[in-house]
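A.B. asks: I'll drop the sequence and a predicted model, then ask my questions.
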Amino acid sequence: MELYRFRSDPKYIIDELQKNYLYFALPNELNDPMEGFLNIYWEGDVVLWRNFIKHYLYTLTRSVIRATIDPKTIKEPLSICSEYSNPELRSLFEKIRNNFFDDKGIKAFVDYLTTLKHRIFIKEIENYLSLIHFVALSVIIDVLKEKQLVNWSVPKLEVLGFFNKMKFLMPSLEEQYPDAINVFFIASQKVKEDLNLLQKVNIEDVNDIKSFFLMDFPSKYIKEVRKILFFTPCFVCFMEDFSSPSLWGYYGGKHKGLCLIFDDKKGQNEVKFKFTSGGVISITTQKIKYQKEYKKINFFEMMGSLPLSVIEKSWLIDWEGNKTSFLKIGDNFLTDKWRKDYNKNLSEVFATKIPDWEKEKEHRIVLQKEFVAGDSVESRKFVYDFELLKGIIFGLNAEDSFKVEVIQIITKKCKELGRKDFKFYQAEYNEETGLIDKIEIRL
């Protein structure tokens, strides 16, 4: 089948056509802020929960130390990892960890988590982290003050009573109102976010280190901890149809750009590309699913971006040598079945969009950036087989000088390869249908 790729900026279009590449974009470069949304929940045993909480404590400790050295780091991504390699820092963190987990409120929190029968989704876990955050931060600051690394204090919040009450109340809520639990925590988190915003309105410096760690850290951690689940994806997107004027306006540079026509003529609902950048990669486009619900993923089952040694040492076994007995993980981690399920979940996560985007009829190719590309823009430019490019449609407002330059580039390529089947088209507005037609340009 034919698939269409809109391009907007003439400068980049010329470069892409001359060098024969497709550019794979990162999620933050795409137009949908929900791109790659992960509907994460947490379900595990005491070992997994202790290691998750330890990981939060570790990341918070590391962030406080980094911000003390350089306050600008509070604006940077969190350092999401699991261990200290420096012996002095490792010893410092072990003291923080022991003091934290010796707290009666934290013991009650871990005990409470292991009694829950429902899946804990993001807003609920963020509520819990916001509560234990003040215990964690006060423990960290106390230890760092002993080392004269910080000079500010944090009040300690008592959470023992809260989690004891929750342990008593939650079983009846799970039994009688299972569908209302997530709604409750969504509302609770919204209230907290509004209160935080109100506080910031009255704070002289919202970029202050202390303000960041008192109010913003738990939410930032939840947003970034998903890095543990998947490697960073990069995308190239196509559509089944070129005829929507609004898509030309949105993706085609207000009709000043063009639309590339790809087809491998195999009569399938996809196009198979062979890229030669950094070795040969053969990959087929995947059709996007449009649905209201996103794939639900258990955090503890999908830690695919971490090395196996880190998963085993820092997640499957706690610091006291206890091994997880959670049946879905344990000895099943990284088996052939796990890899198959992981790849299926990865595919579904990045090939799902809400129905609001359905008019695009999108197909895409998803690659894992860390495996096939580097961090630079150049490393995400993949050269494709020119035979797959069957034609070009120029936008309604495309300049003649731009058209001439494109036609000259393509004509030269076709002459070198002996191709005579390439076609150029001009987009035309059809007043009867309200859609865009393509009219062949006879050269």
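C.D. replies: Yes, it's here.
A.B. asks: Quick check: the closest residue to Met303 other than its chain neighbours vs Lys313, distance?
C.D. replies: When the adjacent residues along the chain are set aside, Met303 lies closest to Ile228, with 5.1 Å between them (C-beta to C-beta, 6 or more residues apart in numbering). Every residue, glycine included, has its C-beta placed from N, CA and C. The spacing between Ile228 and Lys313, counted by C-beta to C-beta, to the nearest Å, is 14 Å.
A.B. asks: okay, these two: which has more neighbours?
C.D. replies: Ile228 (19 against 14; other C-beta atoms under 10 Å).
A.B. asks: That one touches Pro307, doesn't it?
C.D. replies: No - Ile228 is beyond contact range of Pro307, at 11.3 Å (criterion: C-beta atoms under 8 Å).
A.B. asks: Torsion angles phi and psi at the nearest residue to Phe424 once chain neighbours are set aside?
C.D. replies: What sits nearest to Phe424 in space, not counting adjacent residues and going by C-beta to C-beta, 6+ apart, is Ile441, at 4.3 Å. Comment: the main-chain dihedrals of Ile441 come out as phi -90, psi 120, following degrees, to the nearest 10.
A.B. asks: got it, and Glu362?
C.D. replies: Backbone dihedrals for Glu362, given as degrees, to the nearest 10, come out at phi -80, psi 150.
A.B. asks: Over to Ala136?
C.D. replies: phi -60, psi -50.
A.B. asks: Can you verify my assumption that it contacts Tyr58?
C.D. replies: No - the pair Ala136 / Tyr58 is not scored as a contact, 10.0 Å apart, by C-beta under 8 Å.
A.B. asks: Contacts only, for the residue nearest to Leu149 when sequence neighbours are not counted.
C.D. replies: Using C-beta to C-beta, 6+ apart and skipping the chain neighbours, the partner closest in space to Leu149 is Thr68 (5.9 Å). Thr68 is in contact with Leu144, Leu149, Val150, Ile209, counting by C-beta atoms under 8 Å, 6 or more residues apart in numbering.
A.B. asks: out of Ala136 and Tyr58, which sits in the busier spot?
C.D. replies: Under the neighbour definition other C-beta under 10 Å, Ala136 and Tyr58 were set side by side, and Ala136 has more, 26 against 21.
A.B. asks: And the helices in the stretch 151-300 of the chain?
C.D. replies: According to DSSP state H, counting those that start in this stretch, the stretch 151-300 of the chain carries its helices in the segments 160-176, 180-201, 209-211, 217-224, 245-251.
A.B. asks: Which one of these has the poorest average confidence?
C.D. replies: The weakest mean pLDDT among those belongs to helix 180-201, with a mean of 71.
A.B. asks: circling back: quick one: which of the helices of the stretch 151-300 of the chain is nearest Arg90?
C.D. replies: helix 217-224 (20.9 Å; C-beta to C-beta).
A.B. asks: which parts of that closest one are buried?
C.D. replies: Neighbour-count burial for helix 217-224, with 16 or more other C-beta atoms under 10 Å as criterion, is recorded at Phe217, Pro218, Ser219, Tyr221, Ile222.
A.B. asks: ok, now stretch 150-169?
C.D. replies: Val150, Val154, Lys156, Leu157, Val159, Phe162, Phe163, Asn164, Met166, Lys167.
A.B. asks: Likewise for stretch 337-344?
C.D. replies: So stretch 337-344, judged by 16+ other C-beta under 10 Å, has buried residues Trp338, Tyr342.
A.B. asks: Quick one: mean pLDDT for it?
C.D. replies: When the per-residue pLDDT values of stretch 337-344 are averaged, the result is 73.
A.B. asks: cool, stretch 404-422 as well?
C.D. replies: Taken as a whole, stretch 404-422 has a mean pLDDT of 94.
A.B. asks: Please list the outside residues in contact with that stretch.
C.D. replies: Counting by C-beta under 8 Å, 6+ apart, residues outside stretch 404-422 touching it are 13-14, 17-18, 20, 258, 386-387, 389-392, 394, 424, 443.
A.B. asks: Over to stretch 253-263?
C.D. replies: 1-10, 13, 238, 242, 245, 248-249, 251-252, 271, 388-399, 402, 406, 423, 427.
A.B. asks: C-terminal to the least confident helix or strand in the chain by mean pLDDT, what's the next element?
C.D. replies: Lowest by mean pLDDT, DSSP states H and E among the helices and strands of the chain is helix 369-372, with a mean of 66. Reading on from helix 369-372 to the C-terminus, the next helix or strand found by DSSP states H and E is strand 381-383.
A.B. asks: Report the strands that pair with that next one, each with its relative direction.
C.D. replies: In the sheet, strand 381-383 lines up against strand 21-23 (antiparallel) (DSSP bridges).
A.B. asks: This completes my enquiry, with thanks.
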